[in-house]
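Predicted model and sequence follow; I will ask about them next.
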Amino acid sequence: MKSAAVLAAAILLTTAACAPVIEGGPPIALPPGLQETAQVGSITLSSDWVNSTDDFSETFSDEVHEELKRCMWGTAPIDVRIHIDELHRADRLGVLLNGDGVHTLSGTVEFVDPTHGNRVVGRFPVAVATSAQGRLGGLLGDRQMMVSEEFGRAICDQAFGRNPRDRGPHNATGG
């Protein structure tokens, strides 16, 4: 009986992890006032695909949070829900042979106000593509970090109209 309960709980947790955390619907622009007062709260990630290494969600959440902290400098906590639809990382051998490659990531982002019953205050699709940074970057670079950082910057650009970082070598993607 005890093992059946554990098995049922494991199945529930597995299926819940795959369910999208976003409500879905048409794009919603953030209200202008919220663009100036929002502060990043929690980030929740979901996806239907499983062709990712185990640490992708942690790397992704850390990188997106770092970027959002740079463009959400207000005092009103806003939670972020992200559903990833597709991820493609350039193959390391292909980058070595071709001299470069492209990492792509697409999904939907929702901004949620936890102080007003988790009301969705912004929603939009995000799709990014970033260079593997040549042969050396393709072989040694952190592909997950590169595409996650690019995704975080795209969220800042689309939601707040600003790039959180100056261009330069201090970025994983150099942009």
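In hand now; what should we look at? Everything quoted here is computed from the prediction, not taken from an experiment.

Give me the neighbour count for the nearest residue to Ala90 once chain neighbours are set aside.
Distances taken as CB to CB, 6 or more residues apart in numbering place Gly101 nearest to Ala90, at 2.7 Å, with adjacent residues excluded. (Glycine included, C-beta is placed from N, CA and C.) As a burial measure, Gly101 scores 24 neighbours (other CB atoms under 10 Å).

my guess is Gly101 contacts Asp91, does it?
Yes. The criterion here is CB atoms under 8 Å, and Gly101 meets it with Asp91 at 6.8 Å.

Check the gap between the residue nearest to Ala90 and Ala132 for me.
4 Å (CB to CB, to the nearest Å).

So for Ser57, what's the nearest residue that isn't a sequence neighbour?
For Ser57, ignoring the flanking residues on the chain, the nearest one in space by CB to CB, 6+ apart is Leu45 at 5.2 Å.

for stretch 28-39, how far is the first residue from the last?
Taking CA to CA, to the nearest Å, the first and last residues of stretch 28-39 lie 18 Å apart.

Which parts of this structure are strands?
38-47, 76-88, 102-113, 119-131 (DSSP state E).

Next, the angle strand 76-88 makes with the first one.
Using axes from the mean of the first three to the mean of the last three CA atoms, to 10 degrees, the inter-axis angle of strand 38-47 relative to strand 76-88 is 30 degrees.

could you list every residue that touches His83?
20-22, 45-47, 107-108 (CB atoms under 8 Å, 6 or more residues apart in numbering).
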